[in-house]
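[1] With the sequence up front, the predicted model follows.
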Amino acid sequence: MKKLIKNPHLHFIFLGLLLMIVPKLAEMGLFKVSYVTTLGGTFILAIAALGLNILLGFSGLVSLGTAGFMGLAAYLSAYFTVDLGLSFELSLILAVVIPTIVGILVGLVSLKIEGIYLAIATLAVSEILRKTFEEFDFFTGGFSGKTASYPTLLGTYELDRAGMYYFVVAVLIIVMLITYNMMNGRLGRALNAMRGSEAASQAMGVNLLNHRLIAFALATMYASIAGVLYVHFIKYSYPSIWTLKLSLDFLAMIVIGGLRSIYGTLLGAFIVFAVPDLFLKQIPFFSEMSYVLNGVLIILVIIFYPNGLINMFADIKRLFNKLSKGEGK
Amino acid sequence: MSTFIQVILRSLETGSIYALAALSIIIIFRTSNIVNFSQGAVGMFNTFVVTYLFNTMGINIWLAALGGIVSSILLGIVIDLVIIRHTKKVHPEAKQIITLGMMMIVLGIAPILFGVDPLRLPKMIETGNLSVLGADISYNGLFNIFFGLLVMGGLFFILQKTKIGLAVRSTASNEYTAKLMGVPTKTVTMGAWAVAGALGVISGIMTAPMTSVTLHILDDVQLNALIAVVLGGFQTFYGPVVGAYIIGVGRNLLLFYGSSVWGGQILYILILLFLVFRPHGLFGKKIVKKV
């Protein structure tokens, strides 16, 4: 029994079940129904941020193109389901595979070079994509944007808002589980070694370019999954959503939440996206300041709490233990 | 022929805007080892200060510009004192993210102070055209080209020929050793942030008459400046400037003779391809790491 409680995989599933209660609570009138949309959106962004966390946290590379790839997947999925009439499952696969291939091509070009080059290369790619969203009317609807509908799973289960929310939570938990396994397996160890010392990891037989490419492809893939979920959950997509600001928000999420932490990413997404929407909007002064607060939070966390806010719980626990022990004596 | 010259003259004008921004990025990179993503946002903020001084307070445009430069220098010093000085122990990647945080703060504060409406800032020299071989360029355009060159020339003179420049260059090449040799590296870094701020607001004032003063006025300039720095390489002060002029000219030529919609995007793709073959940029050298 104790083993069962300590099993990290079960923790993720418990978390998923906990999150699934939310629409039920909303139905019971405990809080507003619009919160379901906010929370679902937060989880979608957390998926993309998780990919970026693999890239930045484990391999130390910065990408500023997350929003561009996410937008590409969103438009592709909307185009496949609405204009071409493909089934949701098929368009999900296509809309994830195509941006990932684009991402791998970009990675091949820019990953040979060290450090900040990838950030600027992905920034350029993201600008090119955004221009494409604005200009290719037949595919993206231009400035007026593109709409999509709630998907029908397997041709029979038509999802509504709550249904889509359950689907998002399920995908989030699956992605978290896969990430946990990968990062505690061979890939995670190799990436960790690369971050520690490139020369040493090369000597141990880690192919730098391959592993960087895998990390970048994973980040693109997660962003694409998030893009598909976004367009079917929020149901519209404009070029102005997929800007540098969104890519920066992803960076903010993982830095505030905690690098290399899966739960930290979720916490970061909640702080950056949901807290302004759920709480700060109620207070007049803070609603304007949410962007500023995020900026201040990033700087403070980096300087004073470089491991991220997720470690706060462990630190508080340690402090608590220390205090109670002190009293015991 | 005259259209070609016209395009080239225009390109030199945008090129000098990009070059000033690129120089501002590389000065900070060389002295603080930070790629400053907030460069455009801080420049935008100070351009708003100029616009505020000119429009609301009714001050002469030249004095307003001077006021903007003063405010940018002060802001640069504040950024260094309050934030950058405390990041010595921070991991290099995390430092870039700090500048992203600074960018968010500036982007959040600017609309509260200056409102969200787009504002207008006139040219420094309102009227007058000069004809060169059948091509027209406004006096303001000429002023931008030559003032940009003058500022950059002055900075390079200071960097190469004076004692201050020697301090900056030694800080850039190895901060720790420079400190041992008695170079006041803290002051050098602070000065770099101040100068970078001033360069940012100058590029902002030059850009403003072409569009309107909004939150995103310098986004395009900053993007091109960052790509110019990559194109020119991070190892020299002059590389990014050359890169910026190449981007200015190449972009306008592609926009005019290639595709008016996709010109800029084609240029980015060409530069990405170029970097495959010369990963460290035009003037960059490969840094050999010792284990």
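    Looks like it arrived, so ask away.

[2] Helix, strand or coil: sort out residue A:325 for me.
    Under DSSP: H, G, I helix; E, B strand; the rest coil, residue A:325 falls in the helix class.

[3] measure it to residue A:315 for me?
    Here the distance between residue A:325 and residue A:315 works out to 16 Å (Cβ to Cβ, to the nearest Å). Using the backbone N, CA and C atoms, a C-beta is placed for each residue, glycine as well.

[4] higher neighbour count, these two?
    Counted by other Cβ atoms under 10 Å in any protein chain shown, residue A:325 and residue A:315 do not tie: residue A:315 has more neighbours, with 12 against 9.

[5] now the helix or strand encompassing the more buried one: mean pLDDT?
    Assigned by DSSP states H and E, residue A:315 belongs to helix A:311-328. For helix A:311-328, mean pLDDT rounds to 78.

[6] buried stuff in it?
    residue A:311 (16 or more other Cβ atoms under 10 Å in any protein chain shown).

[7] what's it in contact with?
    A:258, A:261, A:264, A:305 (Cβ atoms under 8 Å, 6 or more residues apart in numbering or on different chains).

[8] Check whether residue 200 sits in a helix, strand or coil.
    Looking at chain A here, since you left the chain open. helix.

[9] actually it's chain B I care about, not the one you picked
    helix.

[10] hang on, the earlier thing: only the C-alpha atoms, please, for the helix holding residue A:315, written as CSV.
    What follows is helix A:311-328, C-alpha atoms only, in CSV (Å, rounded to 0.1, in the frame of the first residue of the first chain):
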residue,chain,number,x,y,z
ASN,A,311,10.5,24.0,-4.6
MET,A,312,8.7,26.3,-2.3
PHE,A,313,6.6,23.4,-1.0
ALA,A,314,9.6,21.3,-0.2
ASP,A,315,11.4,24.3,1.5
ILE,A,316,8.3,25.1,3.6
LYS,A,317,8.1,21.4,4.6
ARG,A,318,11.7,21.4,5.6
LEU,A,319,11.3,24.6,7.6
PHE,A,320,8.3,23.2,9.3
ASN,A,321,10.1,19.9,10.2
LYS,A,322,13.0,21.9,11.5
LEU,A,323,10.7,24.0,13.7
SER,A,324,8.7,21.1,15.0
LYS,A,325,12.0,19.2,15.8
GLY,A,326,13.3,22.2,17.5
GLU,A,327,10.2,22.3,19.7
GLY,A,328,10.5,18.6,20.4
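
[11] got the buried residues for stretch B:39-56?
    B:39-55.

[12] Quick one: the helices in the stretch 101-250 of chain B, in order.
    For the stretch 101-250 of chain B, the helices defined by DSSP state H, counting those that start in this stretch occupy B:139-161, B:163-173, B:175-180, B:185-207, B:219-232, B:238-253.

[13] who does the third one touch, helix- and strand-wise?
    Packed against helix B:175-180 by the contact rule (3 or more Cβ pairs under 8 Å, 6 or more residues apart in numbering or on different chains; DSSP states H and E) you find helix B:163-173, helix B:185-207.

[14] next one: the first one
    With contacts defined as 3+ Cβ pairs under 8 Å, 6+ apart, the packing partners of helix B:139-161 are helix B:2-32, strand B:129-132, helix B:163-173, helix B:185-207.

[15] Kindly report which one of these carries the lowest mean pLDDT.
    strand B:129-132 - the lowest mean pLDDT of the helices and strands packed on helix B:139-161, at a mean of 74.

[16] In terms of secondary structure, what does that strand contact?
    So strand B:129-132, by 3+ Cβ pairs under 8 Å, 6+ apart, packs with strand B:135-138, helix B:139-161.

[17] hmm, back to that, would TSV of the helices of the stretch 101-250 of chain B with mean neighbour count and distance to residue A:229 be doable?
    Output for these, formatted as TSV (neighbours: other Cβ atoms under 10 Å in any protein chain shown; distance: least, Cβ to Cβ, whole Å):
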stretch	mean neighbour count	distance to residue A:229
helix B:139-161	17	47
helix B:163-173	17	46
helix B:175-180	14	46
helix B:185-207	24	38
helix B:219-232	26	28
helix B:238-253	23	36
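
[18] what ranges do the strands span in chain A?
    Along chain A, counting by DSSP state E, strands occupy A:146-147, A:152-153, A:157-158, A:236-237.

[19] Contacts only, for the closest residue to residue A:70 other than its chain neighbours.
    Distances taken as Cβ to Cβ, 6 or more residues apart in numbering or on different chains put residue A:227 closest to residue A:70, at 3.8 Å, once the chain neighbours are dropped. The contact partners of residue A:227, by Cβ under 8 Å, 6+ apart, come to A:48, A:69, A:70, A:71, A:72, A:73, A:74, A:77, A:95, A:99.

[20] swap the cut-off to 7 Å and go again
    A:70, A:71, A:72, A:73, A:74 (Cβ atoms under 7 Å, 6 or more residues apart in numbering or on different chains).

[21] roughly how far apart are it and residue A:308?
    Counting by Cβ to Cβ - residue A:227 and residue A:308 are separated by 25 Å.

[22] Save the helices and strands packed on helix B:139-161 as CSV, and put in distance to residue B:220 too.
    As requested, these are arranged in CSV below (distance: least, Cβ to Cβ, whole Å):
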stretch, distance to residue B:220
helix B:2-32, 9
strand B:129-132, 25
helix B:163-173, 28
helix B:185-207, 8
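
[23] who wins for proximity to residue B:81 among these?
    helix B:185-207 (7.1 Å; Cβ to Cβ).

[24] Can you list the neighbours in contact with the closest one?
    With Cβ under 7 Å, 6+ apart, helix B:185-207 has contacts from B:17, B:20-21, B:23-24, B:27-28, B:31-32, B:36, B:39, B:42-44, B:46-47, B:50, B:65, B:68-69, B:72-73, B:75-77, B:79-80, B:84-85, B:144, B:151, B:167-168, B:171, B:175, B:178-179, B:217-218, B:221.

[25] Then stretch A:154-173?
    Contacts for stretch A:154-173 (Cβ under 7 Å, 6+ apart): A:12-13, A:15-16, A:19-20, A:23, A:36, A:40, A:43-44, A:46-47, A:87, A:150-153, A:225, A:229, A:232-233.

[26] starting at the chain centroid, how far to that stretch?
    Chain-centre distance of stretch A:154-173: 18 Å, with Cα atoms, centre = their mean, to the nearest Å.

[27] Buried residues, it. List them.
    So stretch A:154-173, judged by 16+ other Cβ under 10 Å, has buried residues A:159, A:162, A:164, A:165, A:166, A:167, A:168, A:169, A:171, A:172, A:173.
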